[in-house]
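>>> Please find the sequence and the predicted model below.
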Amino acid sequence: MLQVRKSQERGYADHGWLRSFHSFSFAGYYDPEHMGFGNLRVINEDRVAAGAGFGTHGHRDMEIISYVLSGELAHKDSMGNVESIPPGDVQRMSAGRGVMHSEFNHKADQTTHFLQIWIEPNVRGIEPGYEQKSFSEDEKRGKLRLVASPDGAEGSVLIHADAKLFAGLLDGDEKADLTLDPKRKSYVHLVRGELEANGTKLTTGDAALIQGESKLTLDGGKNAEVLVFDLAA
């Protein structure tokens, strides 16, 4: 079964310095039908204005992934990490028993566009952790590149959760297949462009919620960038 969630069905908040689309209930957006999917709890598509950002705030017992699309995101946390996250990098922060951090766009003339993703952990109260890795366009071109996993396989960032995250770039005749466990859940989020998931057309911001399927085929791409989640049911 494949269900499409259209981009315009997401929650939306405009705070001036921040414009954000919420795939699942978050902050002032509440939809009891969309509280998460499997252990995927948050996908926020954020655009942070030049010179603005999120002040220091705390998280606990959550695996948090940042995926930057354009601009740069400056990160600072209570673990002592001070990093800049450019497009192509995947950042993982394990909040564990508690962490404080801030995120900021220091550019004076450029908006930072990024996805903030929360996945529920399979262990709680752990020591907070941080990891950041870069994945080139070539690694994602015409395929699904594993970028986050429970065991850090294939050079992916390690998350303390029963989930995997793949990223791909597809255009023209390029095609990517992924074997699915029908007892688990899969979530396809089209970051940009156009794409078909198992024959169903998606456009920028759309998602496909998949259950009970044994295979995912992505094709028909037009400048498509896509994230695919393999999730605990």
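Arrived safely. Everything numeric in this text was worked out from a predicted model, so none of it was measured.
>>> Tell me where the longest strand sits in the protein.
Scanning the chain for the longest strand, with DSSP state E as the assignment, gives strand 215-231.
>>> List the buried residues of that strand.
Counting neighbours by 16 or more other CB atoms under 10 Å, one finds that the buried residues in strand 215-231 are 216, 218-221, 224-231. For the C-beta atoms, the positions are set from N, CA and C on the backbone; glycine is no exception.
>>> what does stretch 125-143 give?
Residues of stretch 125-143 classed as buried under the neighbour-count rule (16+ other CB under 10 Å) are 128-133, 135, 139-140, 143.
>>> what's the span of that stretch, first residue to last?
For stretch 125-143, the first and last residues are 36 Å from each other (CA to CA, to the nearest Å).
>>> distance between it and the chain's centre?
With CA atoms, centre = their mean, to the nearest Å as the basis, the distance from the averaged C-alpha position of stretch 125-143 to the chain average is 11 Å.
>>> For it, give me every contacting residue.
Outside of stretch 125-143, the residues within contact range by CB atoms under 8 Å, 6 or more residues apart in numbering are 61, 77-79, 81, 83, 85-86, 88-99, 145, 147, 155-158, 160, 167-170, 174-176, 225.
>>> that older thread, JSON lines for the buried residues of stretch 125-143, including distance to V188?
As requested, those are arranged in JSON lines below (distance: CB to CB, whole Å):
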{"residue": "P128", "distance to V188": "30"}
{"residue": "G129", "distance to V188": "27"}
{"residue": "Y130", "distance to V188": "27"}
{"residue": "E131", "distance to V188": "24"}
{"residue": "Q132", "distance to V188": "24"}
{"residue": "K133", "distance to V188": "22"}
{"residue": "F135", "distance to V188": "18"}
{"residue": "E139", "distance to V188": "19"}
{"residue": "K140", "distance to V188": "15"}
{"residue": "K143", "distance to V188": "15"}
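>>> Name the nearest of these relative to D151.
The shortest distance between D151 and any of the buried residues of stretch 125-143, using CB to CB, involves E131 and amounts to 13.0 Å.
>>> after the helix or strand H57 falls within, next one along is what?
Using DSSP states H and E, H57 maps to strand 53-59. Later in the chain than strand 53-59, the nearest helix or strand by DSSP H and E is strand 63-70.
>>> if I look at the spatially closest residue to L69 that is not a sequence neighbour, how far off is D230?
The shortest distance from L69 to any residue other than its chain neighbours is 4.5 Å, reached at H113 (CB to CB, 6 or more residues apart in numbering). Per CB to CB, to the nearest Å, H113 is found 25 Å from D230.
>>> cool, E154 as well?
When CB to CB is the yardstick, E154 and D230 sit 14 Å from each other.
>>> For the spatially most central residue of the chain, which residues count as its bridge partners?
Averaging the C-alpha coordinates of the chain gives a centre point, and the residue nearest to it by CA atoms, centre = their mean is I117 (4.4 Å). I117 forms beta bridges with I43, I65, as assigned by DSSP bridges.
>>> How about the contacts made by S70?
Residues touching S70, when contacts are defined by CB under 8 Å, 6+ apart, comprise 87, 110-113.
>>> mind checking pLDDT for it?
pLDDT recorded at S70 is 96.
>>> What's opposite it in the beta bridge?
Legend: beta-bridge partners of S70 under DSSP bridges are H113.
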